[in-house]
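Asks: need coordinates for the below:
(chains A and B)
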Amino acid sequence: MTLGLEIQGVTKTYGSNIVVNNVSLRVPRGQFVCFLGPSGCGKTTLMRMIAGLETPTAGRILFNDKDITDTPVHRRNFAMVFQALALFPFLSVEDNIAYSLKLRNVGPADRRSRVRELLELIKLPDIGPRSIDQLSGGQRQRVAIARALAQEPRLFLLDEPLSALDAKLRDHMQVELRLLQQKLQITTILVTHDQREAMTIADTIVLMADGVVQQIGPPSEIYSKPANRFVAGFIGQSNLLEAVVAGRQHVRLGNSVIETNTLPTHLRDGDHVTLSIRPESLRVTRRNGDDIPDALLGRITFVRDVGGLIELRIESEGRELIGTTTPAEWDGIAVTETVAIRLPPDACMVLPN
Amino acid sequence: MQHAARLRLALLLSWPTLTLLGLVAIPALLLIRISIAPRDPSGMWSPGFTLHAYRALMEPELLGALLDSVEMAVVVAAISLGLGFPLTYLITRMRRGQQVVWLVFLLTTLSLSDVLIAFSWQVMLSKRIGLSNVFVALGLMDAPASLTPSSGAVIACLVYLVLPFTVLTLFPVLSRLKTDVIEAARTLGASPLRAFTSVVVPLTRGPAMIAFLMAAILTVGAYVPPLVLGRPQHWPMAVLIGSTALAGHDLPRASAMSIFLLGATILLAILTARVARGRRRA
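Replies: Numbers count the residues shown, from 1 in each chain, chains lettered A, B, ... in the order given. Okay, the predicted model is just below:
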């Protein structure tokens, strides 16, 4: 028996438009999973199908091994926090939170104590009698979360609920949301287009593009071992360089041959691939006259100190590379100076084209 | 400076005041004055005071006609709300271009006079070429029959007349209604019906009550449709007022009846408003 959510080959089409294309994934109980991707990648549609607000064109959705594909929304007991929050403007804060309890015929005394408990949980114990339009954006956010949690849902769905908040409050809410989820041990799915948000709070990231899952894994793995060019470009900054396979552990980059980790077995000599390397992995040094065989040569075009971090732009054989380094390691090479750029084999990811 | 500002405000406010005085207060006062005047057989009224016209109101036929009027108004308003609400909701969920076509179509029906509409309904409900022939063809009726005069015919025609007003009153609130609050209610455990009663109803109650009231008031004042399509024994107040003034040449009595009907309409409006507010508190 698998506890948690399982999606099997789910597809959703509108006319000839395929919004979600044959997605399969698993969300084990107690995990925090982020559906991440650019807008229009199908992540919200996938979440709406899990909630029951859309019906899949093909495929199955299971929860605790039970097929729920055709279970109506109100029988799933999955709570959802909407992008626009969708609080009921005609009800007070406490009545908003108690809405699902009333539907379940919870008595008035139990309702009151549960509402008080939830208001404590969201750290706003005194706002119960207020009306929704008296609340600030951050307060509304928390009330929407409390309302969703009141029914003790089996699955907690959040559709970009933090996107309307300003950057500082958003950072704060991200941490709080993660702490809340850990405290309640509730299986949670968050939809977001903000990779930083996903990296901060998720146990697992499901990265989507064009309705297709590109990669599933913990944030650190997605960052360090991107499955393809799209992932490498979407998560953080990356130098994506056209290269040609030259042996089991080497690729040719223009005039240089670069050592890499072992290449995927299906690649043959002469295959075109993309070499992905993170900016902080570039080793940039002054050129000392004699050429280093496995280094690229380049010319610094731009240096910027952003406090604690130095950003570089380097032109090398017609390519522009982005590098970052720390002030401690930086020996003050000036713009237009020629440098040697070494690409450590461990940091070089070879992605099939 | 302050003086000038006050003067401007006074001038600004005098406009609605004058409008109300000219269009509402003066005719109403005139109506009251005529209602307490003695009858003049020549068809107008004569100077002097008498409560004769009001005493005549206590006749059972008149009370019956008043009840008929109110009942008809409530039934027609309820049916137009029941039909208009889902219709408007469907229109608001259409694409922009289709919405415009529907609204223009509904507005166009308002350009037809109610006389024309009432007679068209009479033709549609007639024995020889009317709807009953369709019902016979469908096997719903044994033989064609005339469906007028009848209360059903009056109600059908009045619903047709007030439906555009209902749709236009409900359109703004329903087009602003976000689906995510309904979806939120559904994820919180509400069945589709429960989501409707607990979310859509409170969000649209005010405009729905206005639509109801407008339909009821338009119906109370309806003259031609009951005259053309209704049974004489069920003629509502508006028709009786007309015949009292025009055929009976009794202007004071017609005025007293009008005031009576006006009072009943105001009572209906107050009751409707109270229903709307009372439910909100619960």
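Asks: what's the closest non-adjacent residue to the closest residue to chain B within the stretch 101-250 of chain A?
Replies: Closest contact between the stretch 101-250 of chain A and chain B, by Cβ to the nearest Cβ, is at residue A:103 (4.5 Å). Where C-beta positions appear, they are placed from N, C-alpha and C, glycine not excepted. Nearest in space to residue A:103, with sequence neighbours left out and distances taken as Cβ to Cβ, 6 or more residues apart in numbering or on different chains, is residue B:189 at 4.5 Å.
Asks: for the one you found, give me its contacts.
Replies: Going by Cβ atoms under 8 Å, 6 or more residues apart in numbering or on different chains, residue B:189 touches A:74, A:77, A:100, A:103-104, A:151.
Asks: for the chain, give me the ranges with low pLDDT.
Replies: Just so you know, I chose chain A. Scanning chain A for pLDDT under 70 picks out A:1, A:289-293.
Asks: that's the wrong chain, I meant chain B
Replies: Within chain B, the stretches with pLDDT under 70 are B:1, B:43, B:278-282.
Asks: what's the single longest helix in it?
Replies: Ranked by residue count, the top helix of chain B under DSSP state H comes out as helix B:60-92.
Asks: packing partners for it?
Replies: With contacts taken as 3 or more Cβ pairs under 8 Å, 6 or more residues apart in numbering or on different chains; DSSP states H and E, helix B:60-92 sits against helix B:96-110, helix B:151-176, helix B:201-220, helix B:237-246, helix B:251-281.
Asks: what are the ranges of the strands in the stretch 101-250 of chain A?
Replies: A:155-159, A:188-192, A:204-209, A:212-217, A:239-245, A:250-253 (DSSP state E, counting those that start in this stretch).
Asks: contact partners of stretch B:56-65?
Replies: B:235-237, B:240, B:253, B:256-257, B:260.
Asks: can you check the distance spanned by it, start to finish?
Replies: 14 Å (Cα to Cα, to the nearest Å).
Asks: check stretch B:106-126 too.
Replies: Using Cα to Cα, the end-to-end distance of stretch B:106-126 comes out at 25 Å.
Asks: what residues sit buried inside it?
Replies: B:106, B:114, B:117-119, B:121-122, B:124-126 (16 or more other Cβ atoms under 10 Å in any protein chain shown).
Asks: closest one of the residues you listed to chain A?
Replies: residue B:106 (28.6 Å).
Asks: against residue B:215, how distant is the closest residue to the closest one other than its chain neighbours?
Replies: In space, residue B:106 comes closest to residue B:164 once its chain neighbours are excluded; the distance is 4.3 Å by Cβ to Cβ, 6+ apart. Distance of residue B:164 to residue B:215, computed by Cβ to Cβ, to the nearest Å: 10 Å.
Asks: out of the two, which sits in the more crowded spot?
Replies: Applying other Cβ atoms under 10 Å in any protein chain shown to residue B:164 and residue B:215 shows that residue B:215 carries more neighbours, namely 27 against 18.
Asks: quick one, what contacts that one?
Replies: B:73, B:76-77, B:80-81, B:162, B:165-166.
Asks: please redo it, this time with the cut-off set to 10 Å
Replies: If you count contacts by Cβ atoms under 10 Å, 6 or more residues apart in numbering or on different chains, residue B:215 has them with B:73-74, B:76-81, B:84, B:158-159, B:161-163, B:165-166, B:169.
Asks: next: residue B:44.
Replies: Counting by Cβ under 10 Å, 6+ apart, residue B:44 touches B:34, B:37, B:249, B:251-252.
Asks: please check the contacts of residue B:215 and keep the buried ones.
Replies: Buried members of those, scored by 16+ other Cβ under 10 Å, are B:73-74, B:76-77, B:79-81, B:84, B:158-159, B:161-163, B:165-166, B:169.
Asks: mind checking the longest helix of chain A?
Replies: helix A:167-184.
Asks: now for that helix, which elements pack on it?
Replies: strand A:32-36, helix A:108-121, helix A:137-149, strand A:155-159, strand A:188-192, helix A:195-201 (3 or more Cβ pairs under 10 Å, 6 or more residues apart in numbering or on different chains; DSSP states H and E).
Asks: report the buried residues of that helix.
Replies: Those buried within helix A:167-184 under the rule 16+ other Cβ under 10 Å are A:170, A:173-174, A:176-178, A:180-181.
Asks: can you check stretch B:22-33 too?
Replies: residue B:31.
Asks: then stretch B:254-268?
Replies: For stretch B:254-268, by 16+ other Cβ under 10 Å, it's B:254-261, B:264-265, B:268.
Asks: give me the three-state assignment for the nearest residue to residue A:148 once chain neighbours are set aside.
Replies: In this structure, residue A:148 finds its nearest non-sequential neighbour in residue A:79, 3.6 Å apart by Cβ to Cβ, 6+ apart. Assigned by DSSP: H, G, I helix; E, B strand; the rest coil, the conformation of residue A:79 is strand.
Asks: buried ones in the longest helix of chain B?
Replies: Within helix B:60-92, the residues scored as buried using 16+ other Cβ under 10 Å are B:62, B:65-66, B:68-70, B:72-77, B:79-81, B:84-85, B:87-89, B:91-92.
Asks: ok and it relative to helix B:96-110, angle-wise?
Replies: 160 degrees (axes from the mean of the first three to the mean of the last three Cα atoms, to 10 degrees).
Asks: what's the separation between residue A:9 and residue A:57?
Replies: Look at residue A:9 and residue A:57: by Cβ to Cβ, they are 11 Å apart.
Asks: sorry, that was for residue A:71
Replies: For residue A:71, the distance to residue A:57 equals 17 Å [Cβ to Cβ].
Asks: and the contacts of the helix or strand hosting residue B:12?
Replies: Element membership of residue B:12, judged by DSSP states H and E, is helix B:2-20. Defining contact as Cβ under 10 Å, 6+ apart, one finds that helix B:2-20 is touched by B:21, B:25-26.
Asks: just give the number of residues close to residue A:311.
Replies: 15.
Asks: how about the residues of the stretch 151-282 of chain B by chain A?
Replies: For the stretch 151-282 of chain B, the contact set with chain A under Cβ under 10 Å from any Cβ of the partner chain comprises B:178-192, B:194-195, B:198-199, B:201-203, B:205, B:280.
Asks: which of these fall in helices?
Replies: Those of these lying in helices (DSSP H): B:179-187, B:192, B:194-195, B:201-203, B:205, B:280.
Asks: which of these count as buried?
Replies: Buried, going by 16+ other Cβ under 10 Å: B:180-187, B:195, B:203, B:205, out of those.
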